[in-house]
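Asks: Pasting the sequence and the predicted coordinates here, then a few questions.
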Amino acid sequence: MTELANRPAGSSSSAAGAAAPAAAAGPSVDVAALGEQLLGKWAAVRREARALAGKPELHKTEGLTHTEHRKRTFDQLRILVDNGAVHRAFPVELGGADEHGANIAGFQELVVADPSLQIKAGVQWGLFGSAVNHLGTEEHHRKWLPGILSLEIPGCFAMTETGHGSDVASIATTATYDAATEEFVVHTPFRAAWKDYIGNAAIDGLAAVVFAQLITQGVNHGVHAFYVQLRDPKTKEFLPGIGGEDDGVKGGLNGIDNGRLHFTDVRIPRTNLLNRYGNVDPDGTYSSPIASPGRRFFTMLGTLVQGRVSLDGAAVAASRLALKTAIQYATERRQFNASSATDEEVLLDYQRHQRRLFTRLATTYAAGFASEQLLEKFDDVFSGRNDTDEDRQDLETLAAALKPLSTWHALDTLQECREACGGAGFLIENRFASLRADLDVYATFEGDNTVLLQLVAKRLLADYAKEFRNVDFGVLARYVVGQATGAAIHRTGLRGVAQFVADSGSVQKAATALKDEAGQRALLTERVQAMVAEVGAALKGANKLPQQQAAALFNSHQHELIEAAQAHAELLQWEAFTEALGHTSDPGTKTVLTWLRDLFGLSLIEKNLAWYLMNGRLSMQRARTVGEYINRLLVKIRPHALDLVDAFGYGPEHLRAAIATGAEKARQDEAREFFRSQRASGQAPVDEKILLARTAQSGKSQSSKSQSGKSQSGKVKRG
């Protein structure tokens with residue numbers, strides 16, 4: 001492993017593999033082929049976006065004031081426009097390409113340049129422009145999209161209010177139709193109704209898509225979107241009736257001018273209603289192609305799911321950056337001479353270091369494969385190839401499941417990588433602290449992670465209930481009896497006994513059962529099914545209770561619901577990883593990826609070991625082998641660690657971390673050569689501990705000789 005540990009940054013994987021005895025004896029990773037697989041369906045677009053993200057003019061400059069950072073970020077948007085990086089998702093007739101998946105794939109890569117740039121671009125084209133594109137009609141497209149695409153009209157996506165973020169249906173801003181003038185009157189009736197945390201609102205936004213309750217003829221038809229001019233294009237001052245505030249300095253993403261907006265009886269033309277899903281005639285008559293208000297609301301919001309898809313992929317990219325830097329550094333940094341009198345150990349040879357980084361590497365691979373599936377699903381829906389109500393619901397659920405896991409994982413990975421690099425990791429020049437600060441808000445915007453998982457849980461419950469909607473009492477009774485029997489087997493320990501008998505008390509057999517793909521799938525799937533069934537049974541009949549009692553019952557099981565949703569999302573990631581193995585043609589790469597998939601699956605089982613034990617899904621015998629087998633996997637993966645992060649495809653222009661340049665290896669080599677030469681010269685000072693040991697040994701020798709002399713003297717006298 002020493003040769004692999006000394007592998008310089010950027011060296012070819014094949015050369016490194018040949019130099020490492022441990023790697024040469026077993027499978028090797030085809031880095032180029034794996035890198036291509038990780039790029040996914042839109043590989044060409046990702047490469048193009050990465051080339052752009054590698055340009056210094058798009059990189060974050062640390063140490064700027066938030067005012068300077070905002071100006072730099074806005075100027076960077078013009079570079080994106082000049083390079084044709086913002087048009088892909090828009091109509092062909094307006095210079096776009098109608099390529100929705102490719103568009104998101106490109107935007108996700110911008111996070112490696114500067115997260116502020118990625119999010120500000122997302123506000124301008126992914127939210128503001130996308131709202132006009134998807135919620136408006138051809139008239140709106142012709143009128144506003146050219147200016148939005150060219151950045152002539154910088155804009156805002158004004159949905160969130162100070163008083164309501166996740167509960168969009170309850171926002172309080174109103175748009176009341178006045179038939180006499182054929183205008184909507186946009187109004188924020190109280191302070192909590194101000195639009196808040198709105199990107200581009202503080203300085204740059206000239207217009208906004210404002211979400212408000214549409215009221216006409218005395219009827220509230222729910223939340224709709226309206227195009228509202230905010231500022232005079234020449235003076236940049238707010239128009240009459242419009243006001244706002246700067247949100248100021250934030251915990252991260254300070255290249256974006258977030259702010260607040262409020263409206264006092266602001267009149268806009270009737271035609272400024274983005275009316276694809278709801279229209280108001282001149283006389284005030286409301287009509288919609290979707291009769292159900294609830295379904296209409298979710299359809300309108302569903303067109304904006306791309307924000308969650310973008311964040312999911314961007315979070316994966318940030319995790320990859322962090323792991324490439326931390327693992328590269330860990331193969332070069334040396335600490336403590338545990339196994340040698342002269343050479344210190346490289347960090348990545350320590351088991352604990354492997355545990356902290358390889359488990360997160362495995363999760364990052366799983367999250368990446370799942371993210372690619374989400375992006376393909378998104379493209380299928382938005383291209384119209386598979387755009388049924390069920391497809392859209394599946395897309396919404398998948399995005400709501402994966403975005404929380406990948407964003408939480410990115411924050412955890414950035415922090416762990418920071419700590420794994422010691423004090424060097426805390427330096428801004430190595431980017432961990434900066435990236436973590438910028439990605440912090442990913443956990444709460446485009447949908448608070450916990451709220452999103454609750455949406456997933458409700459879908460799981462709905463699917464569970466659907467299975468029994470049309471069955472007769474006898475079928476349901478048999479199912480309940482079966483569940484009760486199953487619970488009895490699990491919880492009385494009979495299952496544990498059965499496992500022990502099957503394993504014959506053998507640790508090796510227990511480990512084999514756990515590392516088996518079918519065994520992992522069964523454990524992960526069974527946990528989801530059991531959790532959903534248990535909560536479903538507890539909530540059965542809640543819809544027949546009075547509202548207050550039903551809400552209280554649901555609230556009493558909210559934690560279990562969210563736990564079930566997270567378990568479901570983790571299963572989706574595991575399945576995506578497993579499916580990806582089927583598309584890996586190189587045998588060596590497939591073997592290594594299988595080890596990594598097993599590490600992911602067993603890490604999930606280990607994390608939830610208490611549940612498996614309490615619910616009788618694992619015997620104590622098998623439970624004890626989980627950690628042991630994980631440790632064996634770490635040893636197998638160790639020779640391939642650099643190959644696995646090199647396959648991410650990020651170069652120095654993307655990493656931009658001083659400790660990922662090979663500088664640490666140069667320092668360590670210099671130090672080792674210095675001490676080697678010193679020892680060879682015979683001029684090395686003697687360590688005090690060695691001197692004391694020699695003195696003690698010499699004393700023992702003298703004492704031994706003295707005792708021996710006395711003994712001989714005694715013999716002479718006695719003779």
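Replies: Good, I have the coordinates.
Asks: Under a three-state scheme, what state does the closest residue to residue 92 other than its chain neighbours occupy?
Replies: The shortest distance from residue 92 to any residue other than its chain neighbours is 5.6 Å, reached at residue 98 (CB to CB, 6 or more residues apart in numbering). Using the backbone N, CA and C atoms, a C-beta is placed for each residue, glycine as well. Going by DSSP: H, G, I helix; E, B strand; the rest coil, the secondary structure assigned to residue 98 is coil.
Asks: if I pick residue 98, what's in contact with it?
Replies: 89, 90, 91, 92, 383 (CB atoms under 8 Å, 6 or more residues apart in numbering).
Asks: what residue ranges in the stretch 1-150 of the chain score low on pLDDT?
Replies: Residues of the stretch 1-150 of the chain that meet the criterion pLDDT under 70 lie in 1-25.
Asks: Just give me the residue closest to the centre of the protein.
Replies: For the chain, the residue nearest the mean C-alpha position is residue 406 (2.0 Å; CA atoms, centre = their mean).
Asks: name the element that residue belongs to?
Replies: Per DSSP states H and E: residue 406 is located in helix 389-420.
Asks: In that helix, which residues are buried?
Replies: Neighbour counts using 16 or more other CB atoms under 10 Å place 392, 394-407, 409-411, 413-414, 416-418, 420 of helix 389-420 among the buried residues.
Asks: Mind checking what helix or strand follows it in sequence?
Replies: Beyond helix 389-420 toward the C-terminal end (DSSP H and E), the next one is helix 422-426.
Asks: for the record, mean pLDDT for that following helix?
Replies: Taken as a whole, helix 422-426 has an average pLDDT of 94.
Asks: So which residues make contact with whichever helix or strand comes after it?
Replies: Scanning forward in sequence from helix 422-426, with DSSP H and E defining helices and strands, the next element found is helix 432-439. With contact meaning CB under 8 Å, 6+ apart, helix 432-439 is reached by 60, 62, 115-116, 251-253, 315, 318, 321-322, 325, 407, 410-411, 414-415, 417-418, 421, 425-428.
Asks: distance between helix 432-439 and the chain's centre?
Replies: With CA atoms, centre = their mean, to the nearest Å as the basis, helix 432-439 stands 13 Å off its chain's centre.
Asks: Tabulate the CA atom coordinates of the next helix-or-strand element following that helix in CSV.
Replies: For helix 432-439, the following helix or strand on the C-terminal side (DSSP H and E) is helix 449-466. In CSV, the C-alpha atoms belonging to helix 449-466 read as follows (Å, rounded to 0.1, in the frame of the first residue of the first chain):
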residue,chain,number,x,y,z
ASN,A,449,-36.1,18.3,3.9
THR,A,450,-38.2,17.1,6.8
VAL,A,451,-41.4,18.4,5.1
LEU,A,452,-40.4,16.7,1.8
LEU,A,453,-40.0,13.4,3.6
GLN,A,454,-43.4,13.8,5.1
LEU,A,455,-44.8,14.1,1.6
VAL,A,456,-43.0,10.9,0.6
ALA,A,457,-44.5,9.2,3.7
LYS,A,458,-48.0,10.2,2.7
ARG,A,459,-47.5,8.8,-0.7
LEU,A,460,-46.3,5.5,0.8
LEU,A,461,-49.3,5.4,3.1
ALA,A,462,-51.6,6.1,0.1
ASP,A,463,-50.1,3.3,-1.9
TYR,A,464,-50.4,1.0,1.1
ALA,A,465,-54.0,1.9,1.6
LYS,A,466,-54.7,1.3,-2.1
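Asks: and helix 449-466, which residues are buried?
Replies: Within helix 449-466, the residues that qualify as buried are 449, 452, 453, 454, 455, 456, 457, 459, 460, 461, 464, counting by 16+ other CB under 10 Å.
Asks: Next: stretch 77-91.
Replies: Taking 16+ other CB under 10 Å as the basis for neighbour counts, the residues of stretch 77-91 that come out buried are 77, 80, 81, 85, 86, 87, 88, 89, 90.
Asks: quick check, nearest of these to residue 162?
Replies: Of all the buried residues of stretch 77-91, the one sitting nearest residue 162 is residue 77; the distance, using CB to CB, is 27.0 Å.
Asks: So that closest one sits against residue 128, correct?
Replies: No - taking CB atoms under 8 Å as the definition, residue 77 is not a contact partner of residue 128, at 12.0 Å.
Asks: Residue 306: what's it in contact with?
Replies: So residue 306 contacts 89, 100, 104, 126, 130, 378, 382 (CB under 8 Å, 6+ apart).
Asks: One more pass at 6 Å, please.
Replies: By CB atoms under 6 Å, 6 or more residues apart in numbering, residue 306 lies in contact with 104, 126.
Asks: how close does it get to residue 226?
Replies: Relative to residue 226, residue 306 is positioned 20 Å away (CB to CB, to the nearest Å).
Asks: Leaving out the residues flanking it, which one is nearest to residue 337?
Replies: Going by CB to CB, 6+ apart, residue 337 has residue 344 as its nearest residue, at 4.9 Å.
Asks: and if you look at residue 215?
Replies: The shortest distance from residue 215 to any residue other than its chain neighbours is 4.5 Å, reached at residue 176 (CB to CB, 6+ apart).
Asks: next one: residue 360
Replies: Here the nearest residue to residue 360 in space, its sequence neighbours aside, is residue 413; by CB to CB, 6+ apart that works out to 4.8 Å.
Asks: Surely that neighbour is in contact with residue 321?
Replies: No - checked against CB atoms under 6 Å, the pair residue 413 and residue 321 is beyond contact range at 9.5 Å.
Asks: what's around residue 149, how many residues?
Replies: Here the neighbour count serves as a burial measure; for residue 149 (other CB atoms under 10 Å) it reads 20.
Asks: show me what contacts it?
Replies: Residue 149 makes contact with residue 87, according to CB under 6 Å, 6+ apart.
Asks: Tell me the buried residues in the helix or strand where it lies?
Replies: Here residue 149 sits within helix 138-150, counting by DSSP H and E. Of all the residues in helix 138-150, those buried under the rule 16+ other CB under 10 Å are 140, 141, 144, 145, 147, 148, 149.
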